[in-house]
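In: Build me a model from this:
(chains A and B)
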Protein chains: 2
Amino acid sequence: MFNKNNTVEILCVGTEILLGNIVNTNAAFLAEEIAKMGLSSYYQTVVGDNAQRLEDTLKLALSRSDIVILCGGLGPTEDDLTKEIASKVAKKELFMHEESRKRLEEFFEKRGHKPTENNFKQALIPKDSIVLTNNNGTAPGVIIPYEDKYMILLPGPPVELKAMFNESVVPFLRKISPVIFVSRTVKLVSVGESRAETMIKDLIDAQTNPTIATYAKTGEVHIRVTASGKNEKECDSLIKPVIRELQKRFGNNIYTTHDEVSLEKSIVDLLLSGGLKVTAVESCTAGMVASRLVNVPGASEVFKYSFVTYCDEAKRKLAGVRKSTLDKHTAVSRETAEEMVKNLDAPLKSDVCVGVTGYADGEDAGHVFIACNVRGNIEVREFNFFGSRLNVRESATTQALVLMRDCVLKYLSNLALS
Amino acid sequence: MFNKNNTVEILCVGTEILLGNIVNTNAAFLAEEIAKMGLSSYYQTVVGDNAQRLEDTLKLALSRSDIVILCGGLGPTEDDLTKEIASKVAKKELFMHEESRKRLEEFFEKRGHKPTENNFKQALIPKDSIVLTNNNGTAPGVIIPYEDKYMILLPGPPVELKAMFNESVVPFLRKISPVIFVSRTVKLVSVGESRAETMIKDLIDAQTNPTIATYAKTGEVHIRVTASGKNEKECDSLIKPVIRELQKRFGNNIYTTHDEVSLEKSIVDLLLSGGLKVTAVESCTAGMVASRLVNVPGASEVFKYSFVTYCDEAKRKLAGVRKSTLDKHTAVSRETAEEMVKNLDAPLKSDVCVGVTGYADGEDAGHVFIACNVRGNIEVREFNFFGSRLNVRESATTQALVLMRDCVLKYLSNLALS
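Out: Okay, here's the model as predicted:
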C-alpha cells in the first residue's frame, strides 16, 4: 500500500541507450504518466546489459524508492538479464509459466516461425509474481513484490511498453493505492508560459487538491490539473470546476481540454464542424503544414491537396502571385504571403488556405510571413523565429496552424452572429 | 590522464526530465559522441533540481567513473544548483569570473535587455577550474578537477550543449588522453542490419583496431569504424583501408562515409552533380518527402515545387492520373503511382519526380507504392510497412528518398557509359 509520498523510480536497461544509438523515449513516457497519476519520481537511471552493474543499480533504486520500473532486457538472448537479476534480488526462483509458454507457441505458429529453445526463456517467471500479458510482442511483463515494495518489469520496445503500461500497470498502481490520481491537460496557444502563469498565479498559489502546473511546448502551453480522491468520480468532480475557471480565463486560447487531442486534431475537428475544406501554399515549411494535418486520422474529409511553392516561379504559376509583387516586395513579404492564399477556386475549391513564406537560414533566418484566407477574409502575421533551420520551420508550421485556427474560429463565430 | 579503460558517466539535472516534459536527447547526443571517441560509459542518471539528491548522485558517479559530465542546472534561478553542488563536492570556492561577467553584460547589451543581479550568478566559477565559453547562450561551462578525475558541467539547452561539447570538451578529452580515438560512420541503404552484419562478419570477428560496429536506423544501417592512435593522422591511416573494404563490399548501397551527411543531403548533392531538378507528388506522405529535401541548406538549387495530392481529384487534376486508372486499379496501385510521376513538364520543368501513394491506416495500413521517374525512366516499388500512422509515413518517406537515389544513380551511370 502506498500513499502520495511514495515514489517511483525508472531504471532502463540496454547498452544501446548507453551508446547513444537510441533516444530514451521510454523514460520520458513513463515519467509523464507517473506524474499524471500524481506519483513522485526522483531518479532515472540507465545501465547496460551487465549483470553486476544491473544488480547494484537495482538494489540502490530499491533502497531509495518504493516502486522500481525496469524497462528492457526481457528478450530471448543471453544479453537479456533483467528478469534473472530481479528474481535474484527478490530471492524468487524462476519457473516455466505454462500460460506464457503457450502464448509464445501460438505467437510463432501464427507467423509460421519455429521458436528456438531460447525463445522460451521469455516464459520463465519469478515465483509469487504477477504476469502482465504482452499483446504486441513476445516478452510478458512481471510485477515482483519485494518486501513492502514492487519491481515492475516491462519490455523495451516502446509499442509494447506503452500498451502494457496502460493496460496493466495503471490499474495495478490504482489498485494498491489508497487514493487515486486523475489528471487532465488544458492546452493553450497564443499565450506564452510566463503570461499564462501570471494569469493563474492566484490558482497556483492556492492549489492543494487539485494541483496545477504549466509546461511549455513548441508554440503551446499545457496546464496540467491533477486531483487525488477515493475514486475517479471524486477526482473528476474536483477537476471540473478548475477546468471551467481556466476556460473562463483563457477562452479561445484553449484548443482542447483532452490529453489525447493534438493542435492539428483540434483544427481538423473545427474544420469538420464548419464543413470547411483546407489547403496550403508552403514555401519554407515545404509540406510540414500539410504533413501535420494529414497525421490526423480522418484528415481526408477536410484536406484534399496542397502546394509546395519553394521558388518564385512556383509561387507565380501555382499560387498566382504576381511578378510585380515579387519584384517590388520580394518573396518574403506581407504582400507575397497575402497573394499566396488569395485563390480558393483552383485547381480544386477550398474554403481555407494557409500560406507560409520566410527565410529558414541566411542573414534573415527566422523572418517569416504567414497568411490565412477563410472564404475571402485574409489575415497576415509576421514572425521572427530563433534556432536552427529545422527549429525555424517547425515554429512556422505551428504558428501556421495557430493562425488557421484563429481565422476559422473568427469566421465561424461571425457566421453564428449574423 | 586516462586510457581506453577509463569511463565517462552522464548525469542530467532537471525536474522537467523527471516529469517527462522533455525527452532526454542530451544524454543520447553525449553517449553517441563519447562512444565515437572510443570511451566507455556504463551509467546515465537523471536527478531533479534538489541539492541533496544531486550531491549524493554526483558522489556516487565520481566513485565509479573517471569523468562525470553534468548537463543542466547552470541557469540564473535559485533552482539551478549544479555549479554550487559540484564546487561543494570538489571543495573549490566560487568566485566572480571577470571575463564571464563581461561576456554576460555584452550579451544583454546587444539584445537591449538589462541583466538582473541573478544573471551574474552564471559568471561564478569554482577555483582552479577551466571555463568553457558559451557562444550560444549565457551560461559558461566548467571543467572541475577532482582528485585524478574531472567533472564537466555543460548547459542544458541542446543547442548550447552540443556546440560547447564539440568546441571545448572534445579537444579537452583528446588532450588529457595518451591515445586519441577517431570514428567514421559509413551509412547504407537497401541492406538490412543482419545482412550487413553477415557481409562483414569476418571483419567484425577479426577487429582489434579499428573496431567495427553496426547500428540500425529507420531504413538505414550505419557502420561505425573507430580507431585509436597517437594522433589523428595515425587513426585516419588505420580507418581508411577499412572504409575502402566496406566500399568494395557494399558499393552503391553506401550513400556517405561522412558522419554529418544525411540521406537527403547526399541526394541533394547527387542531383546537384547531375544538374537535375526534382519534384514530388505525395499522397500518404503529404509533404514529408519535400520537407526532408528542403531541410538541406541549398536545396533550392534542385527543388522548386511539389504537390500533395491527397484526394483522387487532386491526383487527376494536378498530376494527370487518368480517371480510368483510378477506377480500374484504385488510388493505391502500381499503375496510379506510375501515372503520378509521368509528367515532368508542367507546371515547371523537372528531371526527376517521385510519387508516393498508400494507406497510412485502416485494414491495408502500410501498403504503399512508390514511383520514381528520371527523364522518362520510371521504376515502381511496392512496400508493406509496419507500425503507427506516423511510422508508416516516415518509412515511406525514407524509401521514397532511397528509390530516388537508386534511380538517379542508375541514370547518371548509364549516362557516363553511353
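In: can you tell me the residue of chain A closest to chain B?
Out: Proximity of chain A to chain B (Cβ to the nearest Cβ) peaks at A:G287, 2.2 Å away. In short, each C-beta sits where N, CA and C put it, glycine included.
In: give the contact list for the closest residue to that residue other than its chain neighbours.
Out: Nearest non-adjacent residue to A:G287, counting by Cβ to Cβ, 6 or more residues apart in numbering or on different chains: B:G287, 2.2 Å away. Neighbour list for B:G287: A:E282, A:A286, A:G287, A:M288, A:V289, A:A290, A:S291, A:V294, A:S306, A:V308, B:S306, B:V308 [criterion: Cβ atoms under 8 Å, 6 or more residues apart in numbering or on different chains].
In: Okay, and the last one sits in which element?
Out: Pointing back at B:V308 there. Using DSSP states H and E, B:V308 sits in strand B:305-309.
In: Next: the fifth one.
Out: With the criterion set as DSSP H and E, the secondary-structure element containing A:V289 is helix A:288-294.
In: Contacts for that helix, please.
Out: By Cβ under 8 Å, 6+ apart, helix A:288-294 touches A:264, A:267-268, A:278, A:280, A:282, A:299, A:302-303, A:306, A:354, A:356, A:393-394, A:396-397, A:400-401, B:284-288, B:291, B:308, B:310, B:360, B:393.
In: Please parse chain A into its domains.
Out: What automatic domain parsing lists as the domains of chain A is A:8-175, A:180-256, A:263-417.
In: Turn the ones you listed into a markdown table, columns for mean pLDDT and distance to B:K121.
Out: Shown next, in a markdown table, are the domains of chain A (pLDDT from 0 to 100; distance: least, Cβ to Cβ, whole Å):
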| stretch | mean pLDDT | distance to B:K121 |
| --- | --- | --- |
| domain A:8-175 | 92 | 25 |
| domain A:180-256 | 90 | 19 |
| domain A:263-417 | 95 | 23 |
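In: Now do the strands in the stretch 51-200 of chain A.
Out: Secondary structure of the stretch 51-200 of chain A by DSSP state E, counting those that start in this stretch: the strands cover A:67-71, A:94-96, A:124-126, A:130-132, A:141-146, A:149-154, A:180-189.
In: Report the contact partners of the closest residue to A:V131 other than its chain neighbours.
Out: Spatial nearest neighbour of A:V131, chain neighbours left out: A:P140 (5.2 Å); criterion: Cβ to Cβ, 6+ apart. A:P140 is in contact with A:L74, A:H97, A:S100, A:R103, A:Q122, A:A123, A:I125, A:V131, A:L132, A:T133, A:N134, counting by Cβ under 8 Å, 6+ apart.
In: Which of these are buried? Put it as a PyMOL command.
Out: Only the buried entries of those go into this PyMOL selection, using 16 or more other Cβ atoms under 10 Å in any protein chain shown:
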select buried, chain A and resi 74+97+100+103+122+123+125+131+132+134
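In: which one of the contacts of A:P140 is nearest B:F29?
Out: A:L74 (27.0 Å; Cβ to Cβ).
In: Would you enumerate the residues in contact with that closest one?
Out: A:L74 touches A:D80, A:T82, A:K83, A:Q122, A:A139, A:P140, A:G141, A:L153, A:L154, A:P155, A:G156, counting by Cβ under 8 Å, 6+ apart.
In: In this structure the third one contacts A:L124, no?
Out: Read that as A:K83. Yes - between A:K83 and A:L124 there is a contact at 6.7 Å, judged by Cβ atoms under 8 Å.
In: Next, A:S395: secondary structure please.
Out: Going by DSSP: H, G, I helix; E, B strand; the rest coil, the secondary structure assigned to A:S395 is helix.
In: Could you report the distance from it to B:V294?
Out: Computed with Cβ to Cβ, to the nearest Å, the distance linking A:S395 and B:V294 is 15 Å.
In: of these two, who's got more company?
Out: B:V294 (27 against 21; other Cβ atoms under 10 Å in any protein chain shown).
In: Quick check: closest non-adjacent residue to A:E55.
Out: With Cβ to Cβ, 6+ apart as the criterion, A:E55 has its nearest non-adjacent residue at 5.1 Å, and that residue is A:I85.
In: Could you give the number of residues near the one you found?
Out: For A:I85, the count of nearby residues is 24 (other Cβ under 10 Å).
In: Likewise for the one 4 residues further on?
Out: When counting by other Cβ under 10 Å, one arrives at 18 neighbours for A:V89.
In: Helices along the stretch 201-350 of chain A, start to end?
Out: Taking DSSP state H, counting those that start in this stretch, the helices of the stretch 201-350 of chain A run over residues A:201-206, A:232-250, A:263-274, A:288-294, A:312-319, A:323-329, A:334-340.
In: Out of those, indicate the one that is most buried.
Out: Highest mean neighbour count among the helices of the stretch 201-350 of chain A (mean count of other Cβ atoms under 10 Å in any protein chain shown): helix A:288-294, with a mean of 28.
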